[in-house]
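Enquirer: build me a model:
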Amino acid sequence: MEVFWYSGSMKIKVAAIILVNGDKALLQLRDNKPDIPHPNTWGFAGGGKLDNNESFKDGAIRELLEETGYKSKEPIEFMRTTYRLENGSQVEAVRLLEKYDQLQELECKEGQRIEFFTAEGIKRIDCFPGVAEAATLAIERSQQLD
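Expert: Model (predicted):
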């Protein structure tokens, strides 16, 4: 994780790949642990903090592999955003998308489970802040690539 001191709090870089299968995006039900942000909500199935000097793309590829066993081929960046955590830390986030190859088996290696959701299905679940919007946009962008 690359860490900078920023106005008395940390600046954190994170990245995620949203795996898209047709009109569905893969999400992960986060652990129900009180010591993690937004426990028991749906988040990205391949996302997290970058290691030192790691690019956003490389970090997202590593996270997807660690969390699902999926070996990403060529994810496409489609979104950048910044936000603040409750502790005041500033987060710079990059979202990438990749179409699921339907060849590799997906495993839930972190969190409670993983599942593909349509944009309509995403509206009915409790998501980590920003996840529903990014996953819905990933589905839309993926369909434009056809």
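Enquirer: which residues of the protein fall in helices?
Expert: Counting by DSSP state H, the chain has helices at residues 56-68, 119-123, 131-144.
Enquirer: quick check, pLDDT for the nearest residue to Lys13 once chain neighbours are set aside.
Expert: What sits nearest to Lys13 in space, not counting adjacent residues and going by C-beta to C-beta, 6 or more residues apart in numbering, is Leu50, at 4.5 Å. To be clear about C-beta, it is placed using only N, CA and C from the backbone, and glycine gets the same treatment. Here, the pLDDT recorded for Leu50 equals 95.
Enquirer: over to Glu2?
Expert: So, for Glu2, pLDDT stands at 37.
Enquirer: ok, the residue nearest to Lys13 to Tyr100 distance?
Expert: In this view, Leu50 and Tyr100 are 23 Å apart by C-beta to C-beta, to the nearest Å.
Enquirer: neighbour count: those two, which is higher?
Expert: Between Leu50 and Tyr100, counted using other C-beta atoms under 10 Å, Leu50 has the larger neighbour count: 22 against 17.
Enquirer: ok, the more buried one touching Ala15?
Expert: Yes - Leu50 is in contact with Ala15 according to C-beta atoms under 8 Å; the separation is 6.3 Å.
Enquirer: give me the common contacts of these two.
Expert: Phe56, Gly59 (C-beta atoms under 8 Å, 6 or more residues apart in numbering).
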